[in-house]
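Peer 1: just a sequence and a predicted model for now, questions to come.
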Amino acid sequence: MLKQKMVLKKEARKRIRKRIRKKIKGTAERPRVFVSKSNRYIYSLAIDDETGRILAAASSLEKEYRDKNQKTKNIKTSKAVGEMMAKRLKEKKVKKVVFDRGVYPYHGRIRALAEAMRKEGLIF
C-alpha cells in the first residue's frame, strides 16, 4: 500500500510538471527561473530553453551562503538564495524572467525566494 501511494504521488508530480512546462518557456532575453527544493536545501537555476543553457544558478549549499549562516531550511535562507540569484542575473544584464515553481505550491520557501527576487528588481 505504501508503494502504491508513492507511485501515485510521483505520477501526480509528473502531471503537474508537464502541465506547467506547457505554459512556461524561457528565452535568452527572458530565461526561466526554475526552483527546486529538498528537505534540507533550496536551489534556483536560470535556464534558456531555446539553447538548453544554464545562465545562472544559486543554492543554499554554496560556500558564500554557508559561511554566514548555519541553517539551510527556513524562509530566511530562501530569501538569501533569491537575492543571490537576482544579483547574478543582473550581472548578466537580465531584467525580466519567467518564474517556474515546479511542482511546489506558491507559498512558504518558494514564495519567499520569488519575492526576494522581485525586491532586487527582477520583473516576472
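Peer 2: Nice, I can see it. Numbers count the residues shown, from 1 in each chain.

Peer 1: return the distance of the lowest-mean-pLDDT helix or strand in the chain from the chain's centre.
Peer 2: When the helices and strands of the chain are scored by mean pLDDT, DSSP states H and E, helix 63-66 comes last with a mean of 84. Put simply, helix 63-66 sits 17 Å off its chain's centre (C-alpha atoms, centre = their mean, to the nearest Å).

Peer 1: switch to numbering from 21
Peer 2: With the count now opening at 21, the last piece we talked about shows up as helix 83-86.

Peer 1: after it, which helix or strand is next?
Peer 2: helix 95-111 (DSSP states H and E).

Peer 1: what comes up buried for the least confident helix or strand of the chain?
Peer 2: residue 85 (16 or more other C-beta atoms under 10 Å). Yep, even glycine has a C-beta here, placed from its N, CA and C like the rest.

Peer 1: and it, what does it pack onto?
Peer 2: Packed against helix 83-86 by the contact rule (3 or more C-beta pairs under 8 Å, 6 or more residues apart in numbering; DSSP states H and E) you find helix 95-111.

Peer 1: apart from its neighbours in sequence, what residue is nearest residue 114?
Peer 2: With C-beta to C-beta, 6 or more residues apart in numbering as the criterion, residue 114 has its nearest non-adjacent residue at 6.3 Å, and that residue is residue 51.

Peer 1: wait, doesn't that neighbour sit right on residue 117?
Peer 2: Yes. Counting by C-beta atoms under 8 Å, residue 51 does reach residue 117; the two are 5.7 Å apart.

Peer 1: between the two, who's got more neighbours?
Peer 2: A direct count of neighbours by other C-beta atoms under 10 Å for residue 51 and residue 117 places residue 51 higher, at 26 against 23.

Peer 1: so who does the more buried one touch?
Peer 2: Each residue near residue 51 by C-beta atoms under 8 Å, 6 or more residues apart in numbering is listed here: 66, 67, 68, 75, 109, 114, 117, 118.
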